[in-house]
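In: What would the 3D arrangement of this be:
(one chain, ligands or ions: 1)
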Amino acid sequence: MKPYVLEVHENGLAVFTVNRPEKRNAINYEVMDGLGEALKVAVEDRIKALVITGAGDRAFCSGGDLSSFHQLKTEDEAFEMLDRMSELLVRLFFLPKPTVALLNGIAVGGGCELASACDFRIARKDVKAGFIQGTLAITTGWGGGTFLSERLSPANAMKMLMEARLYSSDELKEMGFFQSLYTGDPLESCQSFLNKMLVLEGDVLKSYKRMFIRKWTETRVEERVKQEVRNCAILWEGEAHHKQVDKFLKK
Ligand SMILES: CC[C@H](C(=O)O)C(=O)SCCNC(=O)CCNC(=O)[C@H](O)C(C)(C)COP(=O)(O)OP(=O)(O)OC[C@H]1O[C@@H](n2cnc3c(N)ncnc32)[C@H](O)[C@@H]1OP(=O)(O)O
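Out: Predicted coordinates for the structure are as follows:
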């Protein structure tokens, strides 16, 4: 089974699905390669918006694949992986057209970082999400902390990062992390969320997105992400992190 699926719909919607439901859609290097391919397609004129989602109904994404990445021990080994994914998420963040994270299930850790790289987050009504990196004695390492600080108020962004816990969909909607909650078919719900935008000319949407891209360029988002990746890599090397990961893998 391919670890990701990319579909391009006639209405200009590109949908990238992390396809590892048996691992709660954990992200490994193959999924990273797929995201890179999706981003190349997403810049084509025929694409009006990019949707990121997960396979199945249990998880949107459970973050980095601990069974692959727990072998990374040193700061430099960690930095290489973290930097590779953060560069993909920076490309997603700066994509000059609307992007949507369609949360079909739980999002934890890097899964929340992936969701934060998108302009909008729409979630099934019962979905929980949380930046649980802190419970693994690390911080966000794919740029998600920086992206989050551009999505929420500073207080709510800091709260989500520092509490490192799961929140309910109602809490997440109230904090402004989720823009819309759905109960029916995920893609239909996503389509109806986007419909009001997609009837406009693509150039209008691009022009509005470029307004935000200008702000994020002026506030040096890319540089802040690099620093975030380095900070995470430093903590990654610590004994406390490796102990927590081993605990999960031995459960
Ligand atoms: C910079 C990003 C950063 C990094 O890259 O390290 C992170 O993303 S840190 C956060 C890493 N992610 C986690 O710590 C989440 C770990 N997973 C869970 O807490 C749970 O699986 C949960 C809440 C996502 C879902 O719980 P549920 O009870 O529904 O499922 P199971 O726990 O029974 O898991 C089913 C199956 O999937 C495997 N699995 C789940 N998450 C991961 C993961 N992140 N990496 C690797 N494998 C994962 C789990 O081991 C089970 O496999 P099985 O072979 O069936 O035992």
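In: List the buried residues for stretch 185-199?
Out: 186-187, 189-191, 193-194, 197-198 (16 or more other C-beta atoms under 10 Å). C-betas here are computed from N, CA, C, even on glycine.
In: which among these gets closest to Arg220?
Out: Checking the buried residues of stretch 185-199 against Arg220 with C-beta to C-beta, the nearest one is Met197 at 27.8 Å.
In: Using the three-state scheme, assign the closest one.
Out: helix (DSSP: H, G, I helix; E, B strand; the rest coil).
In: mind listing what it touches?
Out: Counting by C-beta atoms under 8 Å, 6 or more residues apart in numbering, Met197 touches 49, 98, 205.
In: same question, Leu187
Out: 15, 51, 102.
In: Kindly indicate which of those residues lies nearest the ligand.
Out: The closest of those to the ligand turns out to be Leu102 (C-beta to the nearest ligand atom; 17.1 Å).
In: Return the set of buried residues in stretch 67-84.
Out: 69, 72, 75, 78-79, 81-83.
In: Just list the residues touching the residue of the stretch 151-251 of the chain found nearest the ligand, thanks.
Out: The nearest approach of the stretch 151-251 of the chain to the ligand comes at Phe248, 5.7 Å away (C-beta to the nearest ligand atom). Applying C-beta under 8 Å, 6+ apart, we find Phe248 in contact with 66, 136.
In: Just send the contacts of Leu187 back as CSV, with pLDDT, neighbour count and secondary structure too.
Out: Compiled in CSV, the contacts of Leu187 are given as follows (pLDDT from 0 to 100; neighbours: other C-beta atoms under 10 Å; DSSP: H, G, I helix; E, B strand; the rest coil):
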residue, pLDDT, neighbour count, secondary structure
Val15, 98, 20, strand
Val51, 98, 27, strand
Leu102, 98, 25, strand
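In: ok so, going back, which one of the contacts of Met197 has the most neighbours?
Out: The most crowded member of the contacts of Met197, judged by other C-beta atoms under 10 Å, is Ala49 (25 neighbours).
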